[in-house]
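Student: Starting from these lines, generate the structure:
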Amino acid sequence: MKKIFGKFVLGVLMAVLAGGIVMGSFYFEGNFVSVMALPRGNQAIVRINSTDTISMQHDNEEWQKVGNGSTLRIGDIVKTDKVNNSQINFGSDGVMRLGDQTSVQLTFLDEEKAQYTFKILSGRVWLNNLFSNADVNVFFDGGVVFPGQSVSYYRVNSAQSEIYANQGNILLGFVDDQLAMNQLITENESKIINKLFVPQGTSAQVFADKVKNNKRTISKLLYSKLVKEFNYSVFDKVLLRTDAWLSNNVVQDSLLTSNIRDQRLKKIRTRGLKYVSLDAGNYKTDQFIQNLANALTFSSEKVGRRDLDALYDLFYDAQYLFDYGRTSEAEEKLTKFSSEANQLFTVYGDQLKAQFAARVKREYEYLSFVNPADSLYKLKQTLEKIYLSSIAGSSEELTMKFAFLSEKLGIMGFYADNIRFNDLKATFDDYMKSFKSITEQYKQNITANISLIQRQNQALDNLFMQYPQFYRQSFITSKLLVENKYLNLLPAGNDKAEEIQSVIAQRIDFLRKLQMFFLSGDVPIIDAQNIVALLFSEISRIELPAEYQSAVSKLFADRLQDYGVFSRFLSTPEYVNSSIRGATMQERFDEFRRNNVQSVTIEDLRNELSDPNATSPKAPENVADPLLLSPVQPLSEPIKPPVKMPKVKRPNPQI
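Tutor: Sure thing, here's the model as predicted:
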């Protein structure tokens with residue numbers, strides 16, 4: 001009887017255990033929630049300053065006064081009268097500030113995906129999407145902007161629109177009125193007529209009638225013609241100080257950046273450290289519970305997602321450790337995070353890998369408040385590598401590699417602004433190493449999408465036009481490599497001749513900037529001498545058809561008046577190195593001009609620089625690089641002639 005009773009009890013226990021396992025499996029199945037979901041609250045909300053008056057219209061209904069905190073629906077038009085500081089908040093931290101007499105329409109909204117399209121009907125708008133999770137299109141008559149994570153400014157009226165990239169790079173697409181605005185579009189939209197890259201610090205103007213009436217012509221224009229047709233240029237930053245509304249937006253952005261930074265750092269630090277180490281007891285316990293949960297889950301897809309989500313505890317621990325400068329511990333956690341994720345992909349496939357890539361990208365974008373001076377910057381660098389590894393072989397891999405290259409250019413601007421020349425040079429060298437590697441590895445893909453190289457060259461032009469730190473011989477040599485890489489990809493013909501002329505014009509502008517920066521005391525003499533020789537050599541060796549060659553000669557005459565005198569000055573040490581001639585380089589140059597009144601033509605200068613018997617410039621002793629604390633060391637031997645750059649294919653070899 002006891003044996004029978006014992007078996008009965010054992011059977012009951014087994015049944016209960018089995019039932020518990022079954023119920024547990026349903027529990028784990030039913031309560032699994034992926035943390036991949038986007039944050040809630042992605043509405044577009046109007047925030048009104050107490051002194052402002054804003055009206056709103058929906059579906060041609062009567063205009064109504066807008067209350068603070070009003071939520072916009074698709075189709076709503078917001079119109080300002082006189083405003084001071086009213087705005088539309090969207091996404092997690094997106095801000096659209098409205099100027100006076102401004103009308104903006106919300107044409108599309110997907111809250112779940114945080115996607116928005118706005119059309120600016122008239123007035124002025126300042127858009128800060130730098131810290132937002134939102135994907136945004138900004139339409140206006142004749143154009144659409146893809147702002148990405150950037151700060152941009154728009155001034156729109158019935159005839160034309162001006163677009164300025166204040167922080168980060170934006171892409172401007174030219175469109176006619178047939179393009180629907182009821183969904184988010186990408187730059188690959190077939191109805192976009194042509195595109196112009198607008199890097200940080202530059203602006204362009206869009207003329208709606210010109211776009212509408214010249215679609216076919218505009219669609220065929222290369223960069224050199226686009227910039228002329230749409231007045232692309234460096235933005236006059238004086239306006240950011242003298243225009244009250246613009247200067248207020250700059251101040252508001254500074255406050256927003258500070259607030260975002262404080263909030264996100266607080267979140268990272270409050271989260272704390274979950275696992276002291278990979279040998280910690282709670283880490284092993286969590287691993288055990290995770291394995292048990294997996295055993296009780298029927299869906300292999302949910303098992304994979306749960307395992308992947310659990311790995312982010314390691315990522316957030318690494319984030320915390322990087323913030324506190326505990327780099328080696330952080331890198332250990334991040335390495336574990338990445339390697340464990342890769343093991344999951346081999347088991348659960350590409351769909352899980354795609355989810356991982358999307359989230360890593362969001363985590364990278366979340367760190368948009370981080371600058372290269374922060375300890376978290378190393379985390380951004382590592383996340384870039386993890387993300388690129390996760391999309392290897394995909395259609396977006398090349399585009400993202402160039403996007404990260406562009407971010408390196410932004411970092412160089414940061415170092416230039418903060419007078420950190422050694423960091424600038426290291427980043428520039430790393431940029432060129434990556435550029436050469438990518439262009440060699442993806443040669444065929446780049447030939448099919450030349451704009452990838454053109455945009456890099458354009459962004460580099462922008463840096464060289466703004467910062468004297470880039471006027472070093474090694475930097476200019478690398479810049480010429482990028483230019484020639486772009487030109488060599490173009491097919492022979494008039495379009496290529498136009499692009500070559502545009503590149504020559506830019507090199508002439510570099511010579512002008514070099515003179516200005518050198519006379520301000522910001523460029524070492526040895527670099528100035530060699531850059532002049534190098535640029536003249538590279539300009540002179542390119543042959544063009546007669547009409548283009550004539551235009552180039554005119555550019556020299558117009559933009560380099562009296563440049564021969566400056567070149568002679570560079571080669572006259574009794575003026576350049578003598579404080580008796582003047583306390584500053586500008587004063588010494590002025591003295592040189594007074595004492596040397598003979599004219600020196602550009603042709604004279606060309607002949608002097610191309611004379612093989614001319615003495616190579618030598619580094620003067622004790623001339624300090626203004627960005628380095630130690631003086632430039634004199635060279636033990638003459639500088640070698642400029643490195644011979646690859647020739648561009650000549651449109652007309654006979655001329």
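
Student: tell me the secondary structure for the closest residue to residue 183 other than its chain neighbours?
Tutor: Closest residue to residue 183 apart from its sequence neighbours, by CB to CB, 6 or more residues apart in numbering: residue 108 at 5.6 Å. C-betas here are computed from N, CA, C, even on glycine. The three-state assignment at residue 108 reads strand, by DSSP: H, G, I helix; E, B strand; the rest coil.

Student: Quick check: residue 518 vs residue 566, distance?
Tutor: Counting by CB to CB, to the nearest Å, the gap from residue 518 to residue 566 is 8 Å.

Student: Name the residues that touch the strand or helix carrying residue 398?
Tutor: Assessed by DSSP states H and E, residue 398 sits inside helix 397-417. By CB atoms under 8 Å, 6 or more residues apart in numbering, the list of residues contacting helix 397-417 from outside reads 168-169, 199-200, 371-372, 384, 387-388, 391, 421, 423-424, 427-428, 430-431, 434-435, 438, 442, 445-446, 449, 452, 455-456, 459-460, 463, 466-467, 469-470.

Student: ok, and for it, which residues are buried?
Tutor: Neighbour-count burial for helix 397-417, counted by 16 or more other CB atoms under 10 Å, picks out 397-398, 400-402, 404-413, 415-416.

Student: Can you pull out the low-pLDDT segments for the stretch 451-600 of the chain?
Tutor: Where the stretch 451-600 of the chain drops to pLDDT under 70, the residues are 597-600.

Student: wait, what's in contact with the residue nearest to residue 183?
Tutor: 74, 115-117, 137, 181-184 are the contacts of residue 108 under CB under 8 Å, 6+ apart.

Student: and it, bridged to which residues?
Tutor: Taking DSSP bridges, one finds residue 117 as the beta-bridge partners of residue 108.

Student: sorry, back to before: for the helix holding residue 398, the averaged confidence score.
Tutor: Helix 397-417 carries an average pLDDT of 93.

Student: After that helix, which helix or strand is next?
Tutor: helix 421-441.

Student: now for that following helix, which elements pack on it?
Tutor: helix 397-417, helix 473-489 (3 or more CB pairs under 8 Å, 6 or more residues apart in numbering; DSSP states H and E).

Student: What lies in contact with the shortest one?
Tutor: Put plainly, it is helix 473-489. For helix 473-489, using CB under 8 Å, 6+ apart, the contacting residues are 428, 432, 435-436, 439, 446-447, 450, 453-454, 456-457, 460, 464, 470, 496, 499-500, 503, 506, 510, 526-527, 530-531, 534-535, 538, 642-643, 645-649.

Student: List buried members of these by neighbour count.
Tutor: For the contacts of helix 473-489, buried by 16+ other CB under 10 Å: 428, 432, 435, 439, 446, 450, 453-454, 456-457, 460, 464, 470, 496, 499-500, 503, 506, 510, 526-527, 530-531, 534-535, 538, 642, 645, 648.

Student: So which of the residues you listed sit within helices?
Tutor: Among the buried ones among the contacts of helix 473-489, the members found in helices (DSSP state H) are 428, 432, 435, 439, 446, 453-454, 456-457, 460, 464, 496, 499-500, 503, 506, 510, 526-527, 530-531, 534-535, 538.

Student: end-to-end on stretch 317-334?
Tutor: 9 Å (CA to CA, to the nearest Å).

Student: Just the buried positions in that stretch, please.
Tutor: Neighbour-count burial for stretch 317-334 flags 317-323, 326, 329-334 (criterion: 16+ other CB under 10 Å).

Student: Also stretch 183-190?
Tutor: Per 16+ other CB under 10 Å, stretch 183-190 contains these buried residues: 184-185.

Student: Check stretch 98-107 too.
Tutor: By neighbour count on 16+ other CB under 10 Å, the buried set for stretch 98-107 is 98-99, 102-107.

Student: chain center to it, what's the gap?
Tutor: Distance, stretch centre to chain centre, for stretch 98-107: 27 Å (CA atoms, centre = their mean, to the nearest Å).

Student: Same question for stretch 221-228.
Tutor: Per CA atoms, centre = their mean, the centroid offset for stretch 221-228 relative to its chain is 21 Å.

Student: For that stretch, give me every contacting residue.
Tutor: Counting by CB under 8 Å, 6+ apart, 194, 196, 204, 218, 229, 232-233, 454, 458, 490, 495, 498-499, 501-502 sit against stretch 221-228.
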